[in-house]
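Trainee: Next come a sequence and a model predicted from it.
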Amino acid sequence: MARRPVVAIAGLACETSTFTPSKTLGPAFHPRRDTEIIEKYPFIQAGTPLGDAIEWRGALIGHALPGGIVTRDAFESLCSEILSRLTKIVAEVKLDGFWFDIHGAMCVEGLDDAEYELLKRCREVIGSDVLVSASMDLHGNVSRELAHQTDLITCYRTAPHVDVAETKERACRNLLELIRRREDGKENARPFKAWIPIPILLPGEQTSTRDEPAAHIYAAVPEVEAAEGALDAAIWVGYAWADEPRNRAVVVVTGWDKEVTARGSERLARLFWGSHKDFSFVAPTGSFKECLDTALASDKRPYFISDSGDNPTAGGSGDVTWGLTQLLARPEFKSESGPKVIYASVPGPQAVQRAVEAGIGATVTVTAGAEVDNLHAGPITMTGRVHSIKHGDSHAEIEVVLQVGSVFAILTKLRKPYHHESDFTELNLAPRSADIVIVKIGYLEPELYDMAEDWMLGLTPGGVDQDLERLGHKRISRPMWPFDRQFEDPDLSARLIPMSNEPL
């Protein structure tokens, strides 16, 4: 029986804002090790084409909820364990490939390019001969150095991200193709890589692939990939809420034909830059007051409002109280007979404990929020009736709904994103019959988008403020759209990145 190639898996993923005071610690990554990694991904399990073709060896992966900068201690500890486990794998078997499972927007104290640093250290263990394939979020960042250390690098093609598993499977499938080419004695087992940085840095709420111009730009990606001599094509929007030199849009095309690879990358880069003045928000925008006024005047129900500045799935700390404070100050919602509003959410461990002790139906006075991010508003004190309690959530641990007037405010022990209808119904809330649903989010995730009869994007303060210029970036490359409005067209010619086993 022919020997199956061996591929190791490792990576750390966390989308981190440098404009929020919160910190991301090691336990937030919920590390998976060894066979736990194989169990996470069905497409590499036994009985599947990739599972049967490759012997997979899990080292360690960790995927943290987006948040603040990762502490150096957390990074070093997790990195050390990854290297130790890779060392053990390399000692046991001949390693053919390495799947680098990352997000691409992880900021670490004292590092400017954390994913490159992690991969560089992994390379010191696995060697330059091992073929490396990286899968990423399109909101990640691809420096020239990171592109160099990989042999393949790809990312999602949808935002909201509905092709996560498809992207990771593509990264592994392409890696297998490289390994087989090498086994067959092909001269160029490593593909050419064309990398083009584009001086654009925009939030996801202006670059959703549901809308133009991103829709037609990303529609061209599979066309470029399908060209004879191409292997993969990818466009990274980049991550807007971190202040690092690598943060910007990037195109990478890989393939066996140098000219095809270069032409494909230049086509995608020109498409992106050619539309740079056309990007706009995915929904009508306004101040929080304008959003509430519009929702109250509308006959569309439920009416969704994004409290976007503290979106925990973009890197916000999740405990900014500004939005809830503004909401509860409105006279329209003081009475229980007022318009029914659901607000998700604000962390408050002590408030949650007090509500749990009092029980459902009890009236309590509690204080929550602003334990981490108090830059925009302080803790909020509320008196209301405990509507529901839920234990055991994977993010929040404990959730409580407090009815204050006609507002049903969700309080959590730990911060949590609210993306699914079940997130509400399991709390005895019916978002479809609510008048207004306010969620700390940017663009609406698919279930919420389908549920909303209408919606607005609230331009609220926080660590992922949609007004990028208000945040005060100082270290990104300049000129950069939209920070700079007048500058010459950029150089969008393909940069051919050396093979990973050659010097950069």
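Mentor: Thanks, I have it. Numbering: from 1, shown residues only.
Trainee: Now do the same contact list for residue 171.
Mentor: Contacts of residue 171 were listed using CB atoms under 8 Å, 6 or more residues apart in numbering, and they are 99, 133, 134, 135, 152, 154. No exception for glycine: its C-beta is placed from N, CA and C like everyone else's.
Trainee: My read is that the last one contacts residue 232, right?
Mentor: Yes: at 5.0 Å, residue 154 counts as touching residue 232 under the criterion of CB atoms under 8 Å.
Trainee: what sits in contact with each of these two?
Mentor: When contacts are counted by CB under 8 Å, 6+ apart, residue 154 and residue 232 are jointly contacted by 170, 174.
Trainee: Strands along the stretch 401-504 of the chain, start to end?
Mentor: Shown for the stretch 401-504 of the chain, the strands assigned by DSSP state E, counting those that start in this stretch span residues 407-412, 436-439, 454-458, 495-497.
Trainee: centre of the chain versus the helix or strand harbouring residue 400, how much separation?
Mentor: Applying DSSP states H and E as the criterion places residue 400 in strand 397-404. Relative to the centre of its chain, strand 397-404 is centred 26 Å away, using CA atoms, centre = their mean, to the nearest Å.
Trainee: Now, the contacts of residue 171 that are in strands?
Mentor: Restricting the contacts of residue 171 to those inside strands, with DSSP state E as the criterion, leaves 99, 133, 134, 135, 152, 154.
Trainee: The fourth one contacts residue 101, correct?
Mentor: Which is residue 135. Yes: using CB under 8 Å, residue 135 makes contact with residue 101 at a distance of 6.1 Å.
Trainee: Give me the common contacts of those two.
Mentor: Shared contacts of residue 135 and residue 101, counting by CB under 8 Å, 6+ apart, come down to residue 168.
Trainee: remind me which residues of the stretch 101-250 of the chain are low pLDDT?
Mentor: Residues of the stretch 101-250 of the chain meeting the criterion pLDDT under 70: 187.
Trainee: residue boundaries of the strands in it?
Mentor: Taking DSSP E, counting those that start in this stretch to define them, one finds strands in the stretch 101-250 of the chain at 131-136, 152-155, 192-198, 230-236, 249-255.
Trainee: Could you dump the ones you listed into JSON lines and include mean neighbour count and distance to residue 267?
Mentor: Compiled in JSON lines, the strands of the stretch 101-250 of the chain are given as follows (neighbours: other CB atoms under 10 Å; distance: least, CB to CB, whole Å):
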{"stretch": "strand 131-136", "mean neighbour count": "27", "distance to residue 267": "21"}
{"stretch": "strand 152-155", "mean neighbour count": "28", "distance to residue 267": "17"}
{"stretch": "strand 192-198", "mean neighbour count": "24", "distance to residue 267": "10"}
{"stretch": "strand 230-236", "mean neighbour count": "25", "distance to residue 267": "9"}
{"stretch": "strand 249-255", "mean neighbour count": "28", "distance to residue 267": "9"}
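Trainee: how near is the residue nearest to residue 173 when sequence neighbours are not counted to residue 42?
Mentor: Closest residue in space to residue 173, ignoring its immediate chain neighbours: residue 50 at 6.5 Å, by CB to CB, 6 or more residues apart in numbering. For residue 50, the distance to residue 42 equals 10 Å [CB to CB, to the nearest Å].
Trainee: what about these two, which has more around it?
Mentor: Neighbours were counted for residue 50 and for residue 42 using other CB atoms under 10 Å; residue 50 has more, 18 against 13.
Trainee: Any chance of the backbone angles for the residue nearest to residue 96 when sequence neighbours are not counted?
Mentor: Nearest residue to residue 96, sequence neighbours excluded (CB to CB, 6+ apart): residue 5, at 3.9 Å. Reported as degrees, to the nearest 10, the phi and psi values for residue 5 are phi -60, psi 150.
Trainee: Likewise for residue 228?
Mentor: Residue 228 adopts backbone torsions of phi -60, psi 120, taken as degrees, to the nearest 10.
Trainee: what number of residues lie near it?
Mentor: Residues near residue 228, counting by other CB under 10 Å, number 8.
Trainee: List the contacts of it.
Mentor: Residues touching residue 228, when contacts are defined by CB under 8 Å, 6+ apart, comprise 257, 260.
Trainee: 6 Å instead?
Mentor: Neighbour list for residue 228: empty [criterion: CB atoms under 6 Å, 6 or more residues apart in numbering].
Trainee: just residue 51 next, same as before
Mentor: Listed by CB under 6 Å, 6+ apart, the contact partners of residue 51 are 44, 45.
Trainee: Could you report the neighbour count for residue 157?
Mentor: Counted with other CB under 10 Å, the burial measure for residue 157 works out to 21 neighbours.
Trainee: so it makes contact with residue 218?
Mentor: Yes: the pair residue 157 and residue 218 qualifies as a contact (CB atoms under 6 Å) at a distance of 5.3 Å.
Trainee: Who are the packing partners of the lengthiest strand in the chain?
Mentor: Longest strand in the chain, counting residues (DSSP E): strand 380-393. Strand 380-393 makes packing contacts with helix 349-358, strand 363-368, strand 397-404 when contacts are defined by 3 or more CB pairs under 6 Å, 6 or more residues apart in numbering; DSSP states H and E.
Trainee: and residue 87, how many neighbours?
Mentor: Other residues near residue 87 number 14, with proximity taken as other CB under 10 Å.
Trainee: Run a quick neighbour tally on the closest residue to it other than its chain neighbours.
Mentor: Nearest residue to residue 87 in three dimensions, chain neighbours excluded: residue 125, at 5.5 Å (CB to CB, 6+ apart). The tally of other residues near residue 125 (other CB under 10 Å) stands at 21.
Trainee: Next up, the contacts around residue 345.
Mentor: 410, 412.
Trainee: Give me the secondary structure label for it.
Mentor: Look at residue 345: counting by DSSP: H, G, I helix; E, B strand; the rest coil, its state is strand.
Trainee: domain parsing for this protein?
Mentor: Taking automatic domain parsing as the reference, the chain has its domains at 6-280+492-497, 285-465.
Trainee: Which of these sits closest to residue 481?
Mentor: For residue 481, the closest of the domains of the chain is domain 6-280+492-497, at 4.8 Å, according to CB to CB.
Trainee: So for that closest one, first residue to last residue, what's the gap.
Mentor: According to CA to CA, to the nearest Å, domain 6-280+492-497 extends 26 Å from its N-terminal end residue to its C-terminal end residue.
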